[in-house]
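Asks: Starting from these lines, generate the structure:
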Amino acid sequence: MGVRGLMSFVEEHSNEFFTDLKLRDTKIVIDGYSLFHRLCFNSNLELRYGGDYDSFADVVQKFFESLFSCNICPYVVLDGGCDISDKKLTTLKDRAREKIQAAHSLSVGGGGCVCPLLIREVFIQVLIKLRVCFVQCFSEADRDIMTLANHWNCPVLSSDSDFCIFDLKTGFCPMNSFQWRNVNTVKGTQDHYIPAKCFSLDALCRYFSNMNKALLPLFAVLCGNDHINLPIVETFLSKVRLPLGAASYKGRRHHRVLGLLNWLSRFADPTEALDNVLKYLPKKDRENVKELLYCSMEEYQQSQVKLQDFFQCGTYACPEALNLRLPEWVLMALAKGQLSPFISDALVLRRTILHTQVENMQKPNAHRISLPIRQIIYGLLLNISSHLENMSLNASPLQPLAFSEVERINRNIKTSIVDAVELPKDLSDLSKLTELSLARRQMLLLETLKVKQTILDPIPTSLKLPIAVSCYWLQHMEPKAKLHHLQALLLGMLLGPLHAIINSPDKEDLREDGAKMLCEEFQRVKEQTPPGTRLDLDTAHVFCQWQCCLQMGLYLNQLLSTPLPEPDLTRDIWRHAKYAGLTLNVSRLYSGSLVHGLCRQLLLSTSVESLLSMCPEAKQLYEHLFNATRSYAPAELFLPRSKSNSKKKRQKKQGTRWSKNCVGTISDNRCWYEGSNRFGLLMVENMEDHIEASKFE
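Replies: Numbering: from 1, shown residues only. I've put the predicted structure just below:
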């Protein structure tokens with residue numbers, strides 16, 4: 001939600017509406033959506049390369065460490081899916097268009113703010129690691145946040161101007177004045193506090209002739225928020241003479257804010273004010289507008305959801321969700337953040353929104369590659385969602401198996417109709433999905449990704465899903481990925497193992513030194529991008545497609561109750577570094593700046609073999625990852641770019657001659673191939689058989 005122009009208005013009058021706080025020794029309820037956006041956009045993170053998730057995780061960790069140092073106990077509340085009425089759909093589509101324009105600007109070297117695709121998943125993983133209490137609401141969280149904060153008599157931290165409307169007992173702290181990076185010490189003690197400002201609703205009402213605070217929800221809907229934007233309200237605003245008063249104002253939005261507040265302050269209560277609003281409207285519209293305005297004003301009233309029960313007892317009861325008769329395990333998984341809002345939108349509305357990344361706008365949107373995975377997800381949700389299809393007020397009638405997707409087409413959006421896959425009977429009852437055997441759930445996941453279980457056997461546990469997703473990605477890429485794309489992606493997955501080696505209690509000095517050297521080299525590659533370097537759009541699009549595959553692979557894996565361990569997207573805390581029998585507890589999976597930097601390095605001069613020569617264990621793991629993925633890669637991925645077509649034909653017939661380009665010798669039916677200085681490390685079980693079986697033309 002959010003009232004247009006209100007936040008900048010109250011901040012312009014900071015002395016009148018805010019008090020200074022030294023925040024410590026308290027609970028605080030945090031608007032999770034506002035927080036992860038704020039930390040993403042205000043921490044000088046690189047946004048062009050699809051997500052430096054390790055850097056973002058560091059920022060999130062430092063934020064909560066600041067709170068802990070001041071004895072502030074955070075409770076994070078995240079938005080869930082869209083309301084069953086779908087009343088924000090117009091606003092969401094407008095924001096999707098804005099995101100496309102921002103992504104396009106970033107892609108051509110301009111400015112813009114676009115959250116990386118997996119930022120929410122990374123944020124939740126950090127909360128879990130830090131043991132920060134959090135809940136994911138069934139739909140929008142604002143009312144639940146207000147109700148919980150009033151129950152605990154603690155402040156709210158958010159950047160949403162709607163919290164200037166809610167009647168909060170202890171006030172609202174805007175994020176842009178919450179100085180968590182500037183922790184201070186209380187004089188004469190060892191206690192710490194965070195300087196902050198707290199908005200006072202009472203002060204706002206006093207400023208406007210001691211107006212009744214119950215009038216503020218009407219002000220919000222008349223001024224315009226995310227839930228209502230009626231042309232008929234503009235009719236009222238064009239006819240009424242809004243008194244500006246003596247206060248200063250800034251621009252058209254502040255003109256409206258100031259005028260409406262002064263006008264509403266004349267009335268004793270919302271009923272009297274609303275009657276005066278309706279006088280300016282045609283008689284035929286008055287009843288409908290009255291009903292809609294009252295309904296919108298209810299969004300600022302107390303919620304029936306008691307989040308304190310979730311935090312204290314682990315129970316989550318949302319009347320809206322219970323009325324839909326969804327399976328209990330689904331409701332709890334949503335509340336715990338174990339299922340994404342994408343799932344609830346598909347389940348309840350049979351409509352999803354596919355978020356744009358910094359990709360090549362001239363090509364089909366990157367989400368197209370993961371359509372087959374989404375169709376399986378929709379198939380799993382089909383049985384439950386069928387009895388909900390007519391409950392949404394704005395939903396268009398759909399065919400029995402159809403779901404709608406809001407996606408990018410060029411630099412605009414369109415709604416596409418997608419058919420779900422009809423699944424076997426044992427998979428058609430969502431309420432019993434968790435009762436299926438692990439083997440059955442794992443089989444569906446791997447069949448969807450078109451990967452054989454045996455391929456994943458040598459892969460460390462937490463990398464099985466990313467590697468399975470990478471195999472799917474290689475099979476569905478259009479246009480095809482290049483060898484250096486695959487190599488850079490797999491090299492980036494080594495960061496976790498490297499830190500594991502460094503931090504392992506049974507480390508050997510030589511192994512630790514090699515891991516440190518390789519880590520330092522990776523960090524150098526990540527940081528060495530010259531200022532103003534133009535984004536390689538083809539490479540960006542390739543990795544955006546990979547992230548789309550990973551996102552939907554994660555969502556399907558979650559819906560199937562994680563038949564493969566969920567990869568950690570954030571940091572590395574390995575405890576046992578010997579590769580034999582290694583269990584990956586945590587891995588640093590993807591860093592956009594690193595992977596893009598490795599692509600540039602690999603194209604210029606560096607070879608994978610020379611890069612990994614300093615750390616044999618990392619080289620061995622890379623070989624396992626590469627060998628698994630190359631089984632699903634198109635043969636042309638491994639052809640030297642300098643070879644002519646005629647030479648390719650000769651090599652097809654005389655594969656053994658390729659040995660002249662091999663690093664070392666062919667032995668044990670394996671060959672390490674390095675072609676045209678493109679640093680291969682291609683493991684081939686039998687080079688001659690591989691060449692004969694490949695389709696080079």
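
Asks: ok, Leu216 to Leu222 distance?
Replies: Computed as C-beta to C-beta, to the nearest Å, the Leu216 to Leu222 distance reads 11 Å. Heads up, the C-betas are built off the backbone N, CA and C, glycines and all.

Asks: And for Leu293?
Replies: Counting by C-beta to C-beta, the gap from Leu293 to Leu222 is 8 Å.

Asks: Output the contacting helices and strands for the longest helix along the chain.
Replies: Counting residues, the longest helix in the chain under DSSP state H turns out to be helix 537-559. Helices and strands touching helix 537-559, by 3 or more C-beta pairs under 8 Å, 6 or more residues apart in numbering; DSSP states H and E, are helix 341-349, helix 371-385, helix 438-449, helix 464-476, helix 483-492, helix 592-604.

Asks: Export only the CA atoms of that helix, formatted as PDB.
Replies: This file holds the C-alpha atoms of helix 537-559, laid out as PDB (Å, rounded to 0.1, in the frame of the first residue of the first chain):
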ATOM      1  CA  LEU A 537      23.500  -8.200 -22.800                       C
ATOM      2  CA  ASP A 538      23.800 -11.700 -24.300                       C
ATOM      3  CA  THR A 539      25.700 -12.900 -21.200                       C
ATOM      4  CA  ALA A 540      23.300 -11.100 -18.900                       C
ATOM      5  CA  HIS A 541      20.400 -12.800 -20.600                       C
ATOM      6  CA  VAL A 542      22.000 -16.200 -20.400                       C
ATOM      7  CA  PHE A 543      22.400 -15.800 -16.600                       C
ATOM      8  CA  CYS A 544      18.900 -14.300 -16.200                       C
ATOM      9  CA  GLN A 545      17.600 -17.500 -17.800                       C
ATOM     10  CA  TRP A 546      19.600 -19.600 -15.400                       C
ATOM     11  CA  GLN A 547      18.200 -17.700 -12.400                       C
ATOM     12  CA  CYS A 548      14.600 -18.100 -13.700                       C
ATOM     13  CA  CYS A 549      15.300 -21.900 -13.900                       C
ATOM     14  CA  LEU A 550      16.700 -21.900 -10.400                       C
ATOM     15  CA  GLN A 551      13.800 -19.900  -9.000                       C
ATOM     16  CA  MET A 552      11.200 -22.200 -10.400                       C
ATOM     17  CA  GLY A 553      13.300 -25.200  -9.500                       C
ATOM     18  CA  LEU A 554      13.300 -24.000  -5.900                       C
ATOM     19  CA  TYR A 555       9.600 -23.400  -5.900                       C
ATOM     20  CA  LEU A 556       8.800 -26.800  -7.300                       C
ATOM     21  CA  ASN A 557      11.300 -28.400  -4.800                       C
ATOM     22  CA  GLN A 558       9.500 -26.500  -2.000                       C
ATOM     23  CA  LEU A 559       6.100 -27.600  -3.100                       C
END
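
Asks: what helix or strand does Lys284 sit in?
Replies: helix 283-297 (DSSP states H and E).

Asks: Thr235 too?
Replies: Thr235 belongs to helix 231-239, assigned by DSSP H and E.

Asks: Which residues does that helix contact?
Replies: Helix 231-239 has contacts (C-beta atoms under 8 Å, 6 or more residues apart in numbering) with Val221, Leu222, Gly224, Arg256, Val277, Tyr280, Leu281, Asp285, Val289.

Asks: Now the buried members of those.
Replies: For those, a burial check counting by 16 or more other C-beta atoms under 10 Å picks out Val221, Leu222, Gly224, Arg256, Val277, Leu281, Val289.

Asks: Show me which of these is closest to Phe138.
Replies: For the buried ones among the contacts of helix 231-239, the residue nearest Phe138 by C-beta to C-beta is Val221; the value is 22.7 Å.

Asks: Doesn't the closest one belong to a helix?
Replies: Yes: with DSSP: H, G, I helix; E, B strand; the rest coil as the criterion, Val221 is assigned to a helix.

Asks: Could you measure from the nearest residue to Ala268 once chain neighbours are set aside over to His476?
Replies: Using C-beta to C-beta, 6 or more residues apart in numbering and skipping the chain neighbours, the partner closest in space to Ala268 is Asn212 (6.5 Å). Distance of Asn212 to His476, given as C-beta to C-beta: 59 Å.

Asks: Quick check: which of the helices and strands packed on helix 537-559 is nearest to Tyr300?
Replies: For the helices and strands packed on helix 537-559, proximity to Tyr300 was assessed by C-beta to C-beta; helix 341-349 is nearest, at 22.3 Å.

Asks: one step back: with pLDDT added, can I get the buried ones among the contacts of helix 231-239 in CSV?
Replies: CSV is the format used below for those (pLDDT from 0 to 100):
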residue, pLDDT
Val221, 90
Leu222, 89
Gly224, 78
Arg256, 83
Val277, 89
Leu281, 86
Val289, 87
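
Asks: For my notes, confirm Ile194 occurs in a helix.
Replies: No: counting by three-state DSSP, one finds Ile194 to be strand, located in no helix.

Asks: Which residues are in contact with it?
Replies: Contacts of Ile194 by C-beta under 8 Å, 6+ apart are 22-24, 66-67, 70, 72, 178-180, 182-184.

Asks: Contact partners for Leu490?
Replies: Neighbours of Leu490 in contact, by C-beta under 8 Å, 6+ apart: Ser470, Tyr622, Leu625, Phe626, Thr629.

Asks: ditto for Asp419
Replies: Going by C-beta under 8 Å, 6+ apart, Asp419 touches Gln375, Gln399, Leu401, Ala402, Phe403.

Asks: and if we set it to 6 Å?
Replies: Leu401, Ala402 (C-beta atoms under 6 Å, 6 or more residues apart in numbering).

Asks: How about the one 10 residues further on?
Replies: Under the criterion of C-beta under 6 Å, 6+ apart, the contact list for Asp429 reads Asn383.

Asks: what separates it from Leu334, distance-wise?
Replies: 18 Å.

Asks: same thing with Gly51?
Replies: Distance from Gly51 to Leu334, by C-beta to C-beta: 24 Å.

Asks: between these two, who's got more neighbours?
Replies: Neighbours per residue (other C-beta atoms under 10 Å) separate Gly51 from Leu334, with Gly51 holding more: 29 against 25.

Asks: so what's the nearest residue to the more buried one once chain neighbours are set aside scoring on pLDDT?
Replies: Among residues not flanking Gly51 along the chain, Pro116 sits closest, at 2.9 Å (C-beta to C-beta, 6+ apart). Pro116 is assigned a predicted lDDT (pLDDT) of 95.

Asks: In three-state terms, label Pro116 for me.
Replies: Applying three-state DSSP: Pro116 is coil.

Asks: who has more neighbours, Asn212 and His476?
Replies: Using other C-beta under 10 Å as the criterion, Asn212 and His476 rank with His476 on top: 19 against 15.
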